[in-house]
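Asker: Show me how the following folds:
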Amino acid sequence: MIADGGPPSLILSLQERGTALKEQDGRESVVRPGELPITDTSRVFRKKMEEGFVFASFHFPRAALDVSERDLRALTATPFSGTEGSAALVATYLSRLAREAEVLDEAAGRRAAATALDLLALLVDDRSRRSRPQAPRSAASLERVKAHILRNLRDPDLSPSTIAEANFMSVRFLHKLFQREGTTVGGWIRTQRLERCSRDLLRPVAAELGVAGIARRWGFANSSHFSRAFRAAYSMTPRDWQVGGEPARCPSVARDTSAPGGRRSGTRTAGA
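Answerer: A predicted model of the protein is given here:
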């Protein structure tokens, strides 16, 4: 059934009442009210509830979440406390989204979906950094370089030579850092810029700046080059993306209120 289920997706559940037992990837955890576990639907998982419960579940396309597979696998079936840190931000936002989803129009739903994806990526990155062992020198150098690139992503003059100079390394060593990840310096920069452009095109700022303005905002000096790169990455033009969005990026949200063996109350979709 999993093999026939279409593109992989993730489920983030916000437990509101009752407890649940969640199992995946060899981990088993009890999910209590106020906690949020992540489930990957491309692999076998189990969720068991033996008492009355209320939870809201948010379904995200796996491809839309910009986090590594390693970091994600380390966190499945692990509940996040919705009362502290980045998890509290996610829980507050998604709780409100669950209540308001059915009254959002299509444009507002797409923007709400983009924000939800940003917050979920923040949650995974934050927890992964805390649990990650001390990185070796090359890995630490790569993390430092990536942080520098992200801080200067809007600079159209950002290049391997300026990056290497700012981080006190040779251009050759810089290229080797990215080669170990199976990519290039330029390719990684382009991916980060396109991801941010794709988000901004779905937000109110796009009405003010337009497609060309969004491209310049994230360091694309040539609008034609931006359009070609965007089409290659997203299989549509930036304007088509802005007008219609991509349905696969928009998570659906379903609210379940049941007793054991009970009925699902209905489904509401954000930005479907």
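Asker: Give me the buried positions along the longest helix seen in the chain.
Answerer: If you go by DSSP state H, the chain has its longest helix at helix 106-131. Across helix 106-131, burial judged by 16 or more other CB atoms under 10 Å covers 109-114, 116-117, 119-121, 123-124, 127-128. Any C-beta I mention is one placed from the backbone N, CA and C, and that applies to glycine too.
Asker: got it, and stretch 205-220?
Answerer: Using 16+ other CB under 10 Å as the burial criterion, the residues of stretch 205-220 that qualify are 206, 210-211, 214-220.
Asker: How far does it sit from its chain's centre?
Answerer: From the chain centre to the centre of stretch 205-220 is a distance of 22 Å (CA atoms, centre = their mean, to the nearest Å).
Asker: quick one: average pLDDT of that stretch?
Answerer: Averaged across stretch 205-220, pLDDT comes to 92.
Asker: Give me the residues contacting it.
Answerer: 153-156, 158, 189, 193, 196-197, 200-201, 223, 226-227, 229, 238-239, 242 (CB atoms under 8 Å, 6 or more residues apart in numbering).
Asker: Repeat that for stretch 167-178.
Answerer: 138, 141-142, 144-145, 148, 160-161, 163-164, 184-185, 187-188.
Asker: hey, C-alpha coordinates of it in PDB?
Answerer: Output of stretch 167-178 as PDB, limited to C-alpha atoms (Å, rounded to 0.1, in the frame of the first residue of the first chain):
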ATOM      1  CA  ASN A 167      36.600  32.200   5.100                       C
ATOM      2  CA  PHE A 168      40.500  32.100   4.900                       C
ATOM      3  CA  MET A 169      40.800  29.100   2.600                       C
ATOM      4  CA  SER A 170      41.800  28.400  -1.000                       C
ATOM      5  CA  VAL A 171      39.200  28.300  -3.800                       C
ATOM      6  CA  ARG A 172      40.400  24.700  -4.400                       C
ATOM      7  CA  PHE A 173      39.700  23.600  -0.900                       C
ATOM      8  CA  LEU A 174      36.300  25.400  -1.100                       C
ATOM      9  CA  HIS A 175      35.300  23.400  -4.200                       C
ATOM     10  CA  LYS A 176      36.400  20.100  -2.500                       C
ATOM     11  CA  LEU A 177      34.100  20.800   0.500                       C
ATOM     12  CA  PHE A 178      31.100  20.900  -1.800                       C
END
